[in-house]
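# quick check, what structure comes out for this input:
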Amino acid sequence: MDNSLLSLIDSAASILIVLPTKPYFDQVAAGLSLYLSIHERKDVSIFCPTPMMVGFSRLIGVNKISTELSKKNLAIRFVNYEATNIDKVGYDIDGGEFKLTVTPKTGFVAPQKEQIIMDYSGTAADLVILVGGATDAHFPILATPDLANAKVAHIGTRVLDSKRETMSFAKSSATTSELVANLIKGNGLTMDPDVATNLVMGIEEGSSNFASSEVTPDTFETFAHLLRNGGQRIPKVKLSPVGFPPGAIPTKPFNTPVVQTPVTPIAQIETQVESGMAETGVETPEVNPPSDWLQPKIFKGTNVS
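Alright, predicted model coming up:
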């Protein structure tokens, strides 16, 4: 039996990539890269139980990460309505439109509009790929009944401590992004510039710019492979007060009135100085040093016995 990542992906009808709670930048970069490398190949979505931080915004495709599971079934409920009052439920297709008909028993009224609640249920994924994390607690979604029959695989720098049967692709590595980069390369998945750029940023961030003790020669080889495949080194954008318009950064309490001091143009200041000198008639005298200052000096020492 082929237990490669590629065989799991090809055998799945729908894939869900799951990030841990409060993921690191490296883990988000790795998960997004895996998503981008297979999204044209399979029906895939990426999920994180916690919202993305502002610092992740430079990653390509970060807007694809959802905090809600994609649902496959539309569920309709009638709130505060006795179910035994319904005689039958039928459907019809009229002019290409689906129509659902709820018929109450004789003597009873039909459910009212305000009693109708529509929601979604069921997750279509039959393969769940966990990225990062250390235990089941980092992936609360595993307790969802909809995923009870889904296959589970894990990619991380340490083996996942899980009660769930999991196919592990965990391996000691400087970063999760380095591990995902090697899995994408080894399984022949798509490695375009967007995927490579995310992995480049993930390796740099996760290894503290290669200062981590976990960095090996293989790390640099993987990094070079990503650069050759179009990966770009995108630096962090540091916020500076210079980049904000005047008044955008408060320097006083909000209840303190701000007094705007008019700014005098430099040209006007120069004109005022020149006119002031003209009025007083005083010029700065030119001071020359004494003539003997320019002559060589001879110093005599005194012996102290």
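
# got the domain ranges for this structure?
The record's domain parsing of the chain by automatic domain parsing lists 5-70+124-228, 73-121.

# looking at those, which is buried most?
domain 5-70+124-228 (a mean of 19; mean count of other C-beta atoms under 10 Å). Just so you know, the C-beta spots here come from the backbone N, C-alpha and C atoms, and that holds for glycine as well.

# what about it, how long is it end to end?
24 Å (C-alpha to C-alpha, to the nearest Å).

# tell me what I76 is bridged to.
As for beta bridges, I76 partners with M118 under DSSP bridges.

# hmm, it is touching I117, no?
Yes - using C-beta atoms under 8 Å, I76 is in contact with I117, at 7.3 Å.

# ok, back up a step: as JSON lines, the domains of the chain with mean pLDDT would be great.
Shown next, in JSON lines, are the domains of the chain (pLDDT from 0 to 100):
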{"stretch": "domain 5-70+124-228", "mean pLDDT": "94"}
{"stretch": "domain 73-121", "mean pLDDT": "82"}
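
# can you redo those as a markdown table with distance to I234?
Converted to a markdown table, these look like this (distance: least, C-beta to C-beta, whole Å):
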| stretch | distance to I234 |
| --- | --- |
| domain 5-70+124-228 | 6 |
| domain 73-121 | 36 |
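
# which of these sits closest to K236?
domain 5-70+124-228 (7.4 Å; C-beta to C-beta).

# list the contacts for the nearest residue to Q27 once chain neighbours are set aside?
Once flanking residues are discounted, Q27 sits nearest to G132: 3.5 Å by C-beta to C-beta, 6 or more residues apart in numbering. Contacts for G132 (C-beta atoms under 8 Å, 6 or more residues apart in numbering) come out as 19-20, 23-24, 26-27, 30-31, 138, 155-157, 176.

# looking at the residues you listed, spot the one nearest D10.
I155 (16.9 Å).

# okay, and the beta partners of that closest one?
V131.

# got a list of what T103 touches?
Listed by C-beta under 8 Å, 6+ apart, the contact set of T103 reads I86, D87, K88, V89, G90, A110.

# how about the strands in this structure?
Remark: strands assigned in the chain by DSSP state E are 14-18, 43-47, 65-66, 73-78, 86-94, 97-104, 116-121, 127-131, 151-155, 167-168.

# looking at those strands, spot the one closest to S37.
strand 43-47 (9.6 Å).

# partners of the closest one, with directions?
Going by DSSP bridges, the partners of strand 43-47 are strand 14-18 (parallel), strand 65-66 (parallel).

# can you put these in JSON lines and add distance to E204?
Converted to JSON lines, the strands paired with strand 43-47 look like this (distance: least, C-beta to C-beta, whole Å):
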{"stretch": "strand 14-18", "distance to E204": "22"}
{"stretch": "strand 65-66", "distance to E204": "20"}
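
# which one of those lies closest to M52?
strand 65-66 (5.9 Å).

# ok so, going back, for C48, which of the strands paired with strand 43-47 is the nearest?
strand 65-66 (5.3 Å).

# from what I can see Y91 touches V102, true?
No - counting by C-beta under 8 Å, Y91 does not reach V102; the two are 10.1 Å apart.
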